[in-house]
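Novice: only the shape, not the letters, is given here:
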């Protein structure tokens with residue numbers, strides 16, 4: 001370009017115009033720059049056709065036309081700077097002045113912006129008179145304009161040299177012409193080992209010819225290609241590489257180079273494959289397990305259910321996904337407990353062994369038990385719930401049958417004491433009735449008759465109370481936790497307790513003021529108290545003192561010895577003055593069917609059911625016993641705290 005400018009700065013006589021056109025025409029089609037000449041009126045004498053081709057005009061269209069008109073027609077009307085540039089060119093030509101790199105934005109053949117940097121020198125004839133202008137124009141797209149900026153070019157090169165990603169440039173035939181330090185760090189190949197070679201120096205032999213064929217077909221069409229492939233380092237180590245390969249095209253659309261940007265994703269791919277394998281392994285376990293796994297999103301809709309859940313529900317997976325668990329609650333008896341459960345979900349609480357009934361489409365009623373906990377993202381935003389579930393229909397039936405049979409066993413133990421009490425009550429009733437008859441025949445005063453009648457009524461009421469308690473306890477009813485006070489429950493069954501242990505055993509009941517409430521199944525609680533009372537009676541050989549005490553306790557940290565978690569508890573203690581137990585016996589007392597009683601005197605299920613009741617209620621059982629002094633059984637039940645308070 002400098003040589004051309006020197007050439008155009010030489011004065012060429014008007015008389016040699018044809019010779020000038022001949023010399024200028026030698027450059028036609030050879031240069032991307034626009035070379036032009038105008039006469040003193042501003043009309044074109046020569047154009048090498050570069051600008052015409054760029055804007056979609058035919059070669060020679062500028063001849064004898066005015067430069068100001070041509071530039072005005074080609075200038076983009078949307079660019080406000082064009083008017084300033086045109087006025088500058090017009091002023092320079094009018095005053096016969098040089099102008100350099102005056103920028104105009106023109107509209108290209110496909111409607112794209114074309115930047116024209118126009119330079120021109122005034123020309124004089126041999127007589128020294130002004131005869132016109134000769135000049136050049138550099139044509140480039142806006143992007144080419146930025147690339148031509150030396151400062152930007154330096155910045156880009158610094159970025160390429162310092163990026164940890166590998167940058168590889170080849171010519172159109174795939175011969176490597178440039179690599180950056182990042183490429184060397186990733187692959188181990190330096191410039192001397194790479195330049196002049198092809199990217200096949202990285203070939204691992206594991207991608208396949210069809211793989212390379214596909215991406216070469218893509219980039220040779222002028223399109224970019226992205227993908228992850230297995231490459232080989234100089235050391236021979238295989239690694240996963242994510243690449244983007246883009247073609248570099250000239251103005252005429254031909255490809256001059258290819259640029260590849262490489263990112264070492266070996267650790268990422270290995271981690272992803274490990275995660276995929278782990279997910280497949282989990283899915284295999286989940287689908288094979290009798291328990292099932294589930295996940296709900298933030299709207300409490302199923303986003304995942306394992307195959308076992310679908311089988312138990314009698315539905316296809318696509319029928320369950322997107323649905324809510326509340327849609328599976330089909331029994332009116334579960335509606336109230338479900339509302340409480342929904343409140344826990346809204347408060348993002350964890351839950352364990354929540355039980356509800358579900359009627360399948362084929363009419364089967366199933367009992368399900370689920371546990372779950374909420375999970376949150378890194379911003380502590382609620383994402384949903386994850387948990388497990390199981391079908392407990394058969395086990396619930398067996399549990400209720402066992403519970404009922406255990407109650408009937410307790411009733412059997414009560415029979416003797418109750419029969420004795422009824423004999424005493426009947427004796428009172430019969431004796432007072434006979435006295436009442438004799439006194440009536442003898443004309444006794446009314447006050448004396450009323451006293452005897454009151455004795456009869458009191459004895460009958462006590463008998464009725466014992467009968468009602470026994471019927472209430474022995475009837476079959478569903479297990480349902482309710483909020484209750486231990487002091488009230490013990491007071492309500494005091495008559496039945498006294499009948500069960502016999503008159504030779506004194507019962508002493510003590511409770512602290514402000515005793516906390518707990519939430520347990522009332523029937524199981526009474527069963528546990530009666531079991532412990534009967535065990536105490538047998539240990540004292542039907543004579544002694546039975547202490548029943550109730551108090552509040554708080555554990556600041558978990559008590560591993562008692563298997564009690566941190567928190568607040570109501571403690572029910574039943575202590576006897578009996579024979580006590582040896583340490584060897586104490587270790588086995590909670591085992592099912594273990595009993596210290598004679599054969600036929602017990603099933604050995606009493607204490608194991610008490611233990612099960614405590615654990616299912618979220619509490620624990622602890623026993624202290626000293627041989628010859630007695631046994632103290634402590635039942636720890638979690639304090640109930642109303643979430644609405």
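Specialist: Everything's here; your move. Bear in mind that the values here come from a model prediction, so they are computed numbers and not experimental data.
Novice: contacts, neighbours, all on C-alpha from now
Specialist: OK.
Novice: where do the domain boundaries of this protein fall?
Specialist: Following automatic domain parsing, one gets these domains for the chain: 2-145, 150-269, 289-391, 397-418+444-638.
Novice: need those domains in CSV (columns: distance to residue 281, mean neighbour count and mean pLDDT).
Specialist: Formatted as CSV, these follow (distance: least, Cα to Cα, whole Å; neighbours: other Cα atoms under 10 Å; pLDDT from 0 to 100):
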stretch, distance to residue 281, mean neighbour count, mean pLDDT
domain 2-145, 51, 17, 78
domain 150-269, 18, 16, 87
domain 289-391, 12, 16, 83
domain 397-418+444-638, 32, 17, 79
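Novice: now for the ones you listed, which one comes closest to residue 433?
Specialist: domain 397-418+444-638 (7.3 Å; Cα to Cα).
Novice: report the distance from the closest one to the chain centre.
Specialist: With Cα atoms, centre = their mean, to the nearest Å as the basis, domain 397-418+444-638 stands 46 Å off its chain's centre.
Novice: could you do stretch 169-176 as well?
Specialist: Here the centre of stretch 169-176 is set off from its chain's centre by 46 Å, with Cα atoms, centre = their mean.
Novice: now swap in stretch 625-643 and tell me
Specialist: Using Cα atoms, centre = their mean, the offset of stretch 625-643 from its chain centre is 41 Å.
Novice: what's in contact with it?
Specialist: Residues outside stretch 625-643 that contact it (Cα atoms under 8 Å, 6 or more residues apart in numbering): 483, 516-519, 532, 536, 539, 567-582, 586, 614, 617-624.
Novice: among those, which lie within strands?
Specialist: Among the contacts of stretch 625-643, DSSP state E puts 483, 518-519, 567-575, 620-624 in strands.
Novice: can you tell me the closest non-neighbouring residue to residue 119?
Specialist: Spatial nearest neighbour of residue 119, chain neighbours left out: residue 100 (4.3 Å); criterion: Cα to Cα, 6 or more residues apart in numbering.
Novice: check whether that neighbour sits in a helix, strand or coil.
Specialist: strand (DSSP: H, G, I helix; E, B strand; the rest coil).
Novice: is it true that it touches residue 135?
Specialist: No: judged on Cα atoms under 8 Å, residue 100 makes no contact with residue 135 at a distance of 9.4 Å.
Novice: identify the contacts common to those two.
Specialist: Joint contacts of residue 100 and residue 135 (Cα under 8 Å, 6+ apart) are 118, 119, 120.
Novice: so which residues of the stretch 51-200 of the chain form strands?
Specialist: 99-107, 113-124, 130-140, 166-171, 176-179 (DSSP state E, counting those that start in this stretch).
Novice: so how far is the second one off the chain centroid?
Specialist: Put plainly, it is strand 113-124. Computed by Cα atoms, centre = their mean, the chain-centroid distance of strand 113-124 equals 63 Å.
Novice: for the fourth one, same thing?
Specialist: Relative to the mean C-alpha coordinate of its chain, strand 166-171 is positioned 41 Å out (Cα atoms, centre = their mean).
Novice: circling back to that earlier point, out of the strands of the stretch 51-200 of the chain, which is closest to residue 498?
Specialist: strand 166-171 (88.8 Å).
Novice: if we can go back for a sec, closest to residue 380 out of the shared contacts of residue 100 and residue 135?
Specialist: Relative to residue 380, the closest of the shared contacts of residue 100 and residue 135 is residue 118; by Cα to Cα it sits at 60.5 Å.
Novice: what is the closest one paired to in the beta sheet?
Specialist: Judged by DSSP bridges, the bridge partners of residue 118 are residue 102, residue 137.
Novice: I'd assumed residue 98 was in contact with it.
Specialist: No: using Cα under 8 Å, residue 118 is not in contact with residue 98; the gap is 10.8 Å.
Novice: I'd like the domains of the chain as CSV, with distance to residue 438 appended.
Specialist: Putting these into CSV (distance: least, Cα to Cα, whole Å) gives the following:
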stretch, distance to residue 438
domain 2-145, 128
domain 150-269, 104
domain 289-391, 57
domain 397-418+444-638, 9
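Novice: in the chain, which residue is most central in space?
Specialist: When Cα atoms, centre = their mean is applied to the chain, the residue found nearest the centroid is residue 383 (5.3 Å).
Novice: surely that residue is in a helix?
Specialist: No: counting by three-state DSSP, one finds residue 383 to be strand, located in no helix.
Novice: run through the residues that contact it.
Specialist: For residue 383, the contacting residues are 297, 298, 374, 375, 376, 377, by Cα under 8 Å, 6+ apart.
Novice: distance to residue 460 and secondary structure added to those, as a markdown table?
Specialist: Below are the contacts of residue 383 laid out as a markdown table (distance: Cα to Cα, whole Å; DSSP: H, G, I helix; E, B strand; the rest coil):
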| residue | distance to residue 460 | secondary structure |
| --- | --- | --- |
| 297 | 61 | coil |
| 298 | 61 | coil |
| 374 | 57 | strand |
| 375 | 60 | strand |
| 376 | 63 | strand |
| 377 | 67 | coil |
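Novice: about what we covered before: tell me which of the shared contacts of residue 100 and residue 135 is nearest to residue 325?
Specialist: For these, the nearest to residue 325 is residue 118 (74.2 Å; Cα to Cα).
Novice: got a list of what that closest one touches?
Specialist: 99, 100, 101, 102, 103, 104, 135, 136, 137, 138.
Novice: same question, residue 55
Specialist: Residues in contact with residue 55 (Cα under 8 Å, 6+ apart) are 74, 106, 107, 108, 109.
Novice: relative to residue 253, how far out is the second one?
Specialist: The one in question is residue 106. Going from residue 106 to residue 253 by Cα to Cα, to the nearest Å gives 20 Å.
Novice: ditto for residue 44
Specialist: 30 Å.
Novice: now swap in residue 95 and tell me
Specialist: 41 Å.
Novice: may I ask you to confirm that residue 260 belongs to a strand?
Specialist: Yes: secondary structure of residue 260 (three-state DSSP): part of a strand.
Novice: is it bridged to anything, and to what?
Specialist: Listed by DSSP bridges, the beta-bridge partners for residue 260 are residue 168, residue 245.
Novice: ok, back up a step: format the strands of the stretch 51-200 of the chain as a markdown table; extra columns: distance to residue 640.
Specialist: Shown next, in a markdown table, are the strands of the stretch 51-200 of the chain (distance: least, Cα to Cα, whole Å):
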| stretch | distance to residue 640 |
| --- | --- |
| strand 99-107 | 80 |
| strand 113-124 | 76 |
| strand 130-140 | 80 |
| strand 166-171 | 64 |
| strand 176-179 | 71 |
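Novice: nearest to residue 549, of these?
Specialist: With Cα to Cα as the criterion, residue 549 lies closest to strand 166-171 of the strands of the stretch 51-200 of the chain, at 77.9 Å.
Novice: what residues does the closest one touch?
Specialist: Residues outside strand 166-171 that contact it (Cα under 8 Å, 6+ apart): 160, 176-186, 198, 256-263.
Novice: state the phi and psi torsions of the residue of the chain most remote from its centre.
Specialist: The outermost residue of the chain relative to its centre, with distances by Cα atoms, centre = their mean, is residue 442 at 90.3 Å. Residue 442 adopts backbone torsions of phi -90, psi 0, taken as degrees, to the nearest 10.
Novice: now it: how far from residue 449?
Specialist: Going from residue 442 to residue 449 by Cα to Cα gives 11 Å.
Novice: again with residue 120
Specialist: To residue 449, residue 120 is 143 Å away according to Cα to Cα.
Novice: with residue 495 instead?
Specialist: Using Cα to Cα, residue 495 is found at 28 Å from residue 449.
Novice: likewise residue 368?
Specialist: As judged by Cα to Cα, residue 368 and residue 449 stand 62 Å apart.
Novice: now do the same contact list for residue 44.
Specialist: In this structure, residue 44 makes contact with 36, 37, 38, 62, 63, 64, 65, 66, 67, judged by Cα under 8 Å, 6+ apart.
Novice: kindly apply the preceding question to residue 43 instead.
Specialist: By Cα under 8 Å, 6+ apart, residue 43 lies in contact with 63, 64, 65, 66, 67.
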